[in-house]
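1. Here is a sequence together with a model predicted from it:
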Amino acid sequence: MYDPKSEERWNAYWRETNLFRFDRENTSKPVFTIDSPPPNTTGGMHMGQTFWVSYIDSIARYKRLKGFNVLYPQGWDTQGFPVELEVEKRYGKNMPREEFYKRCVDYAKETIILMKSQMLRMGASFDESLEYVTMSDDYRRKVQLSLLEMYDKGYVYRASHPVEWCPSCKSSIAREEINETEKDTYFNYIRFGLKGRKGAKEHYIEIATTRPELLHACVALAVNPDDPRYSKEIGKTAITPVYGKEVQIISDPGIDKELGTGAEMVCTFGDKNDISMHYRHKLPLIEAIDESGTLKNAGKFSGMDILEARSAIIKEIESEGSLVKREQMKHNVKVHDRCSTPIELLSYTQWFLKTKDSSEKIKGNALSINWIPESAKQRLLDWADFIEWDWNISRNRIFGTPIPFWYCEACGEILPPKREELPVNPTVDDPKEKVCRKCGSTKIKGEKDVCDVWVDSSITPLVIAGWPDNKELMQRAFPSSVRIQGTDIVRTWAFYTAFRIGAITGEKPFENLIVHNMILNEEGKEMHKSLGTGISPESLIDRYSIDTVRLWVAGSGGIGKDKPFSYGEMEYAKSFISKLYNSAIFVKNAMGETRLPKEEPHKSFGVFDFWIMNRLNDVVADVEKAYDSFNLYEATNKLIDFFWHEFCDYYIENVKYRIRDDTKVPANSKKAAVYTLHHVLNKVLVMLSPIIPHAAEEINSMFSKESIFMNSFPEHAERESKADYIINGLVFKSAIVDFDYNDAGALLNRIIGEVRKEKSKSRAALNKEAKRININVPEAYYTVVFSSRQELQNICKASEISVTKGDELQVSVEL
RNA sequence: GGGCUCGUAGUCCAAUGGCCAAGACGUCAGCUUUACACGCUGAGGAUCGGAGUUCGAUUCUCCGCGGGCCCACCA
């Protein structure tokens, strides 16, 4: 029985022997570079991470067998909201900046230790000496350098721009950090007076709004130009209630005539639509809300928070007689995904990278990458076409890479540091340049904001290849050979990496990009820790084994689809590992004291030995092709099918009689069988070792003192003529027969299968002696079958056998 | 509303412009074959609907239906 306890032993052994270290000095082997995701250090490993860790590790191990010098580092994405939020959850928000910062660092360090041990337990063979951590000075230096490079190339600018702002986190946030939730609210119908016609009933215009508290920032009323109710009012002036301010009535085709009253108040800024109106109609800007979500420029309402102001102002509007009605409604509110606070749009001075003008370049870069699956590429292309704003990289937070710039408050000139000064921290450091180089002002300020986390992680292909210090390694290790990542971060990690690496180097970041989907629970729903619908990888390992989980990952289907988890499939994976282990025991017992012939064992080969060797040779080619296209599913299934249903079900059964009693078989027949058993088992183990390294190593240790990872991947050879046979990648010519061993083996196995079927139909045990077997074969196969009749008789346990020529294959059994 | 993507047995998951559409789990029947009952032999079971292209479509195109993801709108 395969004992999962041995798995931890092999993990320890591989680490002690440094078997998977990247060999820096070796320049003869080609480098294979793996850009694996640096996980957010927010907690223990989940199923999605288990999936990609074992997937990419299998590829790393395969490439080593193929003779590559595999550069496989593992990094940790430690900074930004995710960690800050975990720390807030644990310790609360109220503490000095320095203390909070330190707690973030400690939390990240703690989590790295946990996650690393979980990954290593899975058998991940990354080289620990190559680890990178985004909060380290060295990594930050590289991030800052990458920004300086982009600044030099004109990608960086600082500007006032409406940004999506979280009043609770007091920071601008990125679009991908926004969620939508449905909330109850009131749709308030409010009357605006029309200038010069005060008093008369028809001298009002009515709007509907969910945001009455923004009334003070109202800069226009907008109606649809095709709306007959309002067409004559366009260009006139309306008076806001409460504030009594004059605003123009403008027309815009974007206004929905059916919604509310068909008239809208435009505020700066209530929503995105207001922004486009603001630019389109060149409306004035009123800053309505401050950074912490309280009203400003709102007269007596200034200083109230949004909800407070909302009810206060409604009361005021009502008492003034301008409130027509309130309708309860549900509407979608954009909230910050980390804290669920509704976001606001604020005009704020921020740092930007020019993604919008770069979209064609980004697309070109994405197209030069080999996407697996192909269809994942479309996500990035669509996104690139959709960009509205440049990438806002500033975050008004604490735990992040400082934006490495100072600026002149007088003229806005950006003052970058010198490269050799990096890393810098403008949030606290004084500028080296005391006087603005452009206007001579001495009002030089350091940027207080830090970088968005994707700024850190979007240069991993450079960092892992030794950029910028090790130019020699860069030559060999960049672009990365492969990246693996989830489909959920194509728009972020893949997109920003393609953008930044393209901008900095002009090259693609990686040759191949594997995009995996989600692991769902058994019901096909997303796993959520909070809902208790998750399955912990640790519990699966404990219940099955590491390699069972790994085999499930590899064999669970194509990579482009969400995949429901299945205990049934886990059981199957477990069964295969048992099968493999048990068959190895058989081979071991079969060998006994037999010494393997060193040379020319095939002199004593029988037809089934030739057949299985040739089949192995075919499988080597199939499996290699599958691995080379990163298709672990195909590799796994080819290997399982061959091993289980050809090698075990037929080859082993067919040679048992030769093993059991070698006095009744030709000389050296047993030796040839034992040699073949061992050979095929060994090659299959080597081919499986990337996927189930622990089991392969454990089984291999029954036969060899050397690690299985010291092997090379088996060689495939092409047969030149049909009677050739191949052993270990070497082609041999058969001088005696002129038939194809693959066909012959298949035919003989079919005959054996027919005999089994006949016995099964008669409800007889398969090892029951048959009195007689009659085989009728077409003339073309007669020689093959006739010359193998003695073997067939032994394998099928028949007292007599007869082979006759006929039209089609017929097998009858007399019991 | 727009885009992308998918639809194969009870379930999961492959492949393919043409041989009988692969495999697994489950089901059913049989077999304790001295590696393995986590096994072996066998049985039954599927291309969402419609139209088109084609000698031929499950595969390509279009429409519809259904799922998933994304985006927009929601004053």
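-> It's in.

2. next helix or strand past the helix or strand A:Gly502 falls within?
-> Here A:Gly502 sits within helix A:495-505, counting by DSSP states H and E. Tracing the chain C-terminally past helix A:495-505 and defining elements by DSSP H and E, one meets strand A:510-516 next.

3. now the helix holding A:Gly502: mean pLDDT?
-> Averaged across helix A:495-505, pLDDT comes to 95.

4. Equivalent analysis for stretch A:776-790, please.
-> If you average the pLDDT over stretch A:776-790, you get 87.

5. so is A:Val247 in a helix, a strand, or just coil?
-> Taking DSSP: H, G, I helix; E, B strand; the rest coil as the rule, one finds A:Val247 in the strand state.

6. circling back to that earlier point, can you list the neighbours in contact with the helix holding A:Gly502?
-> Outside helix A:495-505, the residues that touch it by C-beta atoms under 8 Å, 6 or more residues apart in numbering are A:146, A:149-150, A:153, A:155, A:353, A:355, A:358, A:361-362, A:364-366, A:369, A:380, A:383-384, A:391, A:454-455, A:457-462, A:478-479, A:483, A:507-509. Just so you know, the C-beta spots here come from the backbone N, C-alpha and C atoms, and that holds for glycine as well.

7. what do you get for stretch A:415-425?
-> Stretch A:415-425 is touched from outside by A:137, A:140-141, A:144-145, A:148, A:151, A:402, A:404-408, A:431-433, A:436-437, A:444, A:446, with contacts defined as C-beta under 8 Å, 6+ apart.

8. Tell me which of those residues fall in helices.
-> In helices, judged by DSSP state H, the following of the contacts of stretch A:415-425 are found: A:Asp137, A:Arg140, A:Arg141, A:Gln144, A:Leu145, A:Leu148, A:Tyr151.

9. my read: the last one touches A:Ile393, true?
-> No: counting by C-beta atoms under 8 Å, A:Tyr151 sits too far from A:Ile393 to count as a contact (11.7 Å).

10. Between these two, point out the one with more neighbours.
-> Applying other C-beta atoms under 10 Å to A:Tyr151 and A:Ile393 shows that A:Ile393 carries more neighbours, namely 25 against 16.

11. Look at the nearest residue to the more buried one once chain neighbours are set aside and report its pLDDT.
-> Of all residues not flanking A:Ile393 in the chain, A:Asp452 sits nearest, at 4.8 Å (C-beta to C-beta, 6 or more residues apart in numbering). pLDDT for A:Asp452: 90.

12. ok, A:Asp452 - how many residues close by?
-> When neighbours are defined as other C-beta under 10 Å, A:Asp452 has 30 of them.

13. Please tell me I have it right and it contacts A:Arg395.
-> Yes: counting by C-beta under 8 Å, a contact exists between A:Asp452 and A:Arg395, whose distance comes to 5.5 Å.

14. tell me the mean pLDDT over stretch A:24-39?
-> 95.

15. scratch that, stretch A:752-765
-> This predicted structure assigns stretch A:752-765 an average pLDDT of 85.

16. so A:Glu264 sits in a helix?
-> No: secondary structure of A:Glu264, determined by three-state DSSP: strand, with no helix assignment.

17. Find me the pLDDT at it, would you?
-> At A:Glu264, pLDDT is 89.

18. Can you flag the buried ones in the contacts of stretch A:415-425?
-> Neighbour-count burial (16 or more other C-beta atoms under 10 Å) is assigned, among these, to A:140-141, A:144-145, A:148, A:151, A:402, A:404-408, A:431, A:436, A:444, A:446.
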